[in-house]
Structure formats: structure tokens, C-alpha cells
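Visitor: quick one: sequence plus predicted model below, questions after.
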Amino acid sequence: MLENLNLEAVLFLDIETVPQHPEYDNLSEKTKTLWDKKASRLSKSEDDSPESLYARAGIYAEFGKIICISTGFIHDKTFRVKSFYSDDEKELLIDFAGLLNNHFNLNQHLLCGHNGKEFDFPYIARRMLLNGIALPRILNLHGKKPWEIQHLDTMELWRFGDYKNYTSLELLTTIFGIPSPKDDIDGSMVGKVYWKNHDLERIVEYCQKDTLAVAQLLLKYMGRPIIEEENIIIA
């Protein structure tokens, strides 16, 4: 699999997102109305309400925001990690766009994430537009043919054309014998850790581990040895 892939041309990434506000009651009246409509489609039991479901708002770009983008790339035998994080979403997106425009802007460059095509990549693009940031070429899909899109997705690769199931990064790292990134928090806890505990550093560390796990998984797909801990460099 991926025999001709140049690993040094791949930027691995993972994002962490949260609801735009700490609580449902912080929303404007107009936004409450719009979230109520969204929540009505998400509701699965009588106990569900717009208020209780608001904890899930972070997974929707229209109601959430990005607080961290962790990136990594392979060079020689090392894996270099750099994270963009801030309470100011526009600030971190501008910095991340600068990385893409200045260093990952050629035809041979690729972005790689787990479920990246359905979540990370479109979420970043939508939030950039909402913040008035021009899309870097590698994120701008308008007019591109499928084979011209420079995105890799480790979940899509695992599907082998089977679209029935979602396979988590945690499950794949476990069955491939990759050290698990889920040793502290998981995605469902990020909103609470951010809004209740104000612990952005903890979220960044979690995000970095996921980015590394994506790279390790791709290496396993290619039949290559994973990156040793002593070869991981965090900027």
C-alpha cells in the first residue's frame, strides 16, 4: 500500500474543537433558535434537549471553534511536531495558514488525518472562511478533480471501499500494536477540559498524541517501522 508515497511530503494533523460558548444560555437568541433546530435532528430520547445536546456543538463548524491544530512531519528518522493553539481561533488559523502557504504548497504535498476528509479538513476550511482567511491552495477543493485533491485519510484507507462502519483511531492503534494516544482524555472530554478547567495545555498534549498516532498508523499501512519515542521532536 502507498509504495510510491514520499513521507517527507506529508503533513499529518489533528484538530481539537469545542462549542463556541461555555453554555447554551450564552448563545444569542437567533443562534439559540438555529441550534434548537439542529438539536431536534440530533435528539434520540425524551431526555435530550437543546441545552443538554449543546455539549456536542463543537463537532459542527457552524456552532464550534478550533482551539488546537497539531501538525507533524517526518524528516529522516525524526517526527517533528508543531501545534497551533489559542483562545483566539483567528490567530491560530492565520498561523496555520502561513505554514501551509509557505511550506506545504506544492503539488506533491499532502495533508493526512484520521477521518480528515469528513471532519478535520472541511472543518478547518469552514472556520477559515468564517474568520475571513483566504484558503490555502491545499485546502481549496473548488474545481479540483478527485485525483487532484491532496488529502490522505487513514480511516478511508482502512475502509478499502467499505463505507459501512466508522473505525476509530484508538481501535486501529490497538490492533496494530501502536502505543495508544488515549491515555488521559478523549474527544468527548475536550469541551469540559477547555471551558470548565481552562486547561488548554492538556488539550494540546492530547492533540499532539493523536497526530503522532496518525503518522504511526500510516507507517504500519506501508509496512514500515514506527517512529521511536527518542526520535519525536516537539517544537
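Guide: Okay, I see it.
Visitor: check which helices and strands the helix or strand residue 71 falls within sits against.
Guide: Per DSSP states H and E, residue 71 falls inside strand 64-75. Using 3 or more CB pairs under 8 Å, 6 or more residues apart in numbering; DSSP states H and E as the contact criterion, the elements in contact with strand 64-75 are strand 10-19, strand 78-85, helix 89-103, helix 120-130, helix 200-221. C-beta coordinates here come from the backbone N, C-alpha and C atoms, glycine included.
Visitor: tell me the angle the first one makes with helix 200-221.
Guide: Think strand 10-19. Computed by axes from the mean of the first three to the mean of the last three CA atoms, to 10 degrees, the angle separating strand 10-19 from helix 200-221 equals 140 degrees.
Visitor: against which helices or strands is strand 10-19 packed?
Guide: Against strand 10-19 (3+ CB pairs under 8 Å, 6+ apart) you get strand 64-75, strand 110-113, helix 120-130, helix 190-195, helix 200-221.
Visitor: so which of those comes closest to residue 84?
Guide: strand 64-75 (4.7 Å; CB to CB).
Visitor: buried ones in that closest one?
Guide: Using 16 or more other CB atoms under 10 Å as the test for burial, strand 64-75 gives 64, 65, 66, 67, 68, 69, 70, 71, 72, 73, 74.
Visitor: stretch 10-18 too?
Guide: 10, 11, 12, 13, 14, 15, 16, 17, 18.
Visitor: what lines up beside the strand holding residue 71 in the sheet?
Guide: strand 10-19 (antiparallel), strand 78-85 (antiparallel) (DSSP bridges).
Visitor: what's the burial count for residue 169?
Guide: By the criterion of other CB atoms under 10 Å, residue 169 has 22 neighbours.
Visitor: again with residue 108
Guide: The burial count for residue 108: 10, using other CB under 10 Å.
Visitor: spit out the contact partners of the closest residue to it other than its chain neighbours.
Guide: The shortest distance from residue 108 to any non-neighbouring residue, by CB to CB, 6 or more residues apart in numbering, is to residue 9 (4.9 Å). Counting by CB atoms under 8 Å, 6 or more residues apart in numbering, residue 9 touches 106, 108, 109, 110.
Visitor: same question for residue 38.
Guide: 60, 63.
Visitor: following element in sequence after the particular helix or strand that has it in it, please.
Guide: Using DSSP H and E, residue 38 sits in helix 29-42. Using DSSP H and E, the helix or strand that directly follows helix 29-42 along the chain is helix 50-53.
Visitor: off-centre distance for that next one?
Guide: Mean C-alpha position of helix 50-53 versus that of the full chain (CA atoms, centre = their mean, to the nearest Å) differs by 24 Å.
Visitor: sweet, I'm off.
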